[in-house]
Structures are given as structure tokens and as C-alpha cells.
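Sequence first, predicted coordinates after that:
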Amino acid sequence: MTDSDSPESPFESLSAGSHATDVFELLGNETRLAILVALWESDDPFEDDTAVRFSELRNRVGTTDSGQFNYHLDRLEGHFVRSRADGYELSESGRKFVQSVIAGAGIEEPTLEPTAVDIPCKLCGGTVEIMYEDGWVYIYCTECDGLWTDPGEYPNGHLAQFALDPAGLVGRSANEIYAAAWVHSYQRIYSMIEGVCPTCSGSIEGALEICSDHDPEGLCSNCERRLGTIARFRCTVCKEWAQTPLGTVAKYHPAVVAFCYDHGLQLQYGFNDLEHIDRRLRLGGSTVERLSEDPPRVRVTTEIDDEEVRVELDETLDVVAVDP
């Protein structure tokens, strides 16, 4: 229903595109949503035939009016449902939609009160705690100012915040939640470095962000960060985003991966435990040297055992030089 003063759909004024707004309207029906969930319950990626016949699907949804049910099913075909000779099944878009609900809103709202984890702050050696709220794992030190000034109403000492669906908390301890958030977030960033959005597969724009008047002593009053340079990624389609220290970008390059491996540190394998994460934070530190501000360009150095490897990043976070 729309406003009496506005006969057009509220979607008419939005900029998401007519196809996207049509899909939003399509999902605003309980029967259609029930069809998607019923098909998801029968879905098995390792089975050749999981299609559900019309009559069985209607019985599962609980709709007695065959014509009305067929109308709603037809509306879903081509978007979220596909028909086969032996019935109906979710399309890939339909599967992703139901999965996103199950991983997020489909889980009872979880919370995690501030809880210490078995890993020290890499800045001061102090106790690190994590908390979970509104889809984010917040990581902070209880004894120093941390890396960032958090604009939200959260504890001081902000070190990082990692997006994690509520499903990521199910059956996991605080230590395991920390590790899962680390893995999930770094895999997202790796996809963004490759230019592919991990959420919608759209194109990613990378940007080198430099604080032009950075105070190197503690948290800068200008950029509210301890770091004067950071990497930022943003999807041009769905607005997914991430920001991370430049060392993370450098450590994705094969020259740095190989260097670290030769020095006993695995970067992209087996880091779903705190011992490995702690080792990476202690041994894989990076320093950043500004080479130019217009256009922005930096050199990121990773040092282990008095040996080092250097990569240069341009304003779009592309690696333009490697030494050695």
C-alpha cells in the first residue's frame, strides 16, 4: 500500500534499478517466501535430483488453493526458482537469498559480552577482549588506545572489527569466534584485492588512503587512527566495503607469501586458530614508507629474521614494484 498523496510505488523514487526494485516487491509475500524455504529444505548440493513436484511443494507450504499457489510459484520462476521436468528447485539466486536469511536473521539474535581471548595485544602486550553486536566482532585492548578511534559506543582500545554473520557464533567459544572472524574477514579482503566483491561478485575499487597531516604519536587527532595510511575497498554495485592496514594487501602478493613461508610463517593456510594468528601478528609486521602523496604511492616492508621484502603500492592498491 502506498501513501494517498503518492499513487506510485515507493520504489519508484529509488536508484537501485527497476529490476532490483521488482525483486524487492516480489519477495514481499509470505507464500512466496514459504516456497523458497520449502525448496531450500529439500536442497542438497551433492544430490543430482532434489526437485520437488508441484503437489508436494504445495502441501509443504500449506496452500489449499492450487490456482493461487501456481500464481505465486510462477512469479518466482526466472528469479529464484527454476522448473525441471520432475519439479521445482532453487536457482542459485534463490539459494543465496535463503542462505543469507539463515545465516543472519534466521539465527536467534546472538550477543557476546566483552570476553577475554588467549592472544595479547600486539601494541602493548595487554589483554585483548572481543564482543559481538549487530553483525560485528569488535576486538579491543583493555590496556592501550588501540589502532583506531571507534565512532560507536564501544570500549576504547579498538584494534579491529570483523563482520561475521550470527551463524558464526553458533557452537563456538570466544577464542573460536575470534579465529572464525579473522578467517572470514581476510578471505573477504583477498577477494576484494582480486577485484571481485565477495557479496555480489561486482567490481571492487581499491584506494590508498593517506592522512596528509598525520600525528605519529598515538591516535592521530586528524584521521583518528594510529596508522597514517590504510587500504580501502568498495564494491561499485552493492556498496560492500572493507578497510585494512596496508600490510594485509602486501601479504597477499606471492613474493611476500613466499618470503614469509621461507621464514616459517604461513600466511594463507591453516590460520583458523589463535596460535597461528598470534604468530602472524608477532612475526609478520610491516612498515610503510610514503613515496608520494600526489599521486599516492607507498612502499610496504615485511621483515623477518633481519631479512626483508618490499612491495610498492599505487593509489589503487596495485603492486607496481617488488624488491627483491
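Everything's here; your move.

Provide the secondary structure category for Thr199.
Put simply, Thr199 is coil when judged by DSSP: H, G, I helix; E, B strand; the rest coil.

give me the number of residues near it?
If you count neighbours by other Cβ atoms under 10 Å, Thr199 ends up with 18. Bear in mind the C-beta positions are built from the backbone N, C-alpha and C, glycine included.

who's in contact with it?
For Thr199, the contacting residues are Cys235, Cys238, Glu240, by Cβ atoms under 8 Å, 6 or more residues apart in numbering.

now Phe162
Applying Cβ under 8 Å, 6+ apart, the residues contacting Phe162 are Trp136, Val137, Ile139, Ala181, Trp182, His184, Ser185.

Closest one of these to Cys124?
Ile139 (14.1 Å; Cβ to Cβ).

what helix or strand does the nearest residue in space to Thr63 that is not next to it in sequence sit in?
The shortest distance from Thr63 to any non-neighbouring residue, by Cβ to Cβ, 6 or more residues apart in numbering, is to Phe69 (4.2 Å). When elements are assigned from DSSP states H and E, Phe69 belongs to helix 66-76.

pLDDT wise, what is Ala116 at?
Listed pLDDT for Ala116 reads 97.

just the strands in the stretch 1-150 of the chain please.
Ranges of strands in the stretch 1-150 of the chain, per DSSP state E, counting those that start in this stretch, are 81-84, 87-90, 112-120, 127-133, 136-141.

And the longest one, what does it pack against?
The reference is to strand 112-120. strand 127-133, helix 174-193, helix 274-283 (3 or more Cβ pairs under 8 Å, 6 or more residues apart in numbering; DSSP states H and E).

Go ahead and confirm Leu169 touches Ala103.
No. Using Cβ atoms under 8 Å, Leu169 is not in contact with Ala103, being 10.9 Å away.

okay, these two: which has more neighbours?
When Leu169 and Ala103 are compared for neighbours, Leu169 comes out ahead with 20 against 15, by other Cβ under 10 Å.

give me phi/psi at the more buried one?
Per-residue torsions, Leu169: phi -90, psi -20 (degrees, to the nearest 10).
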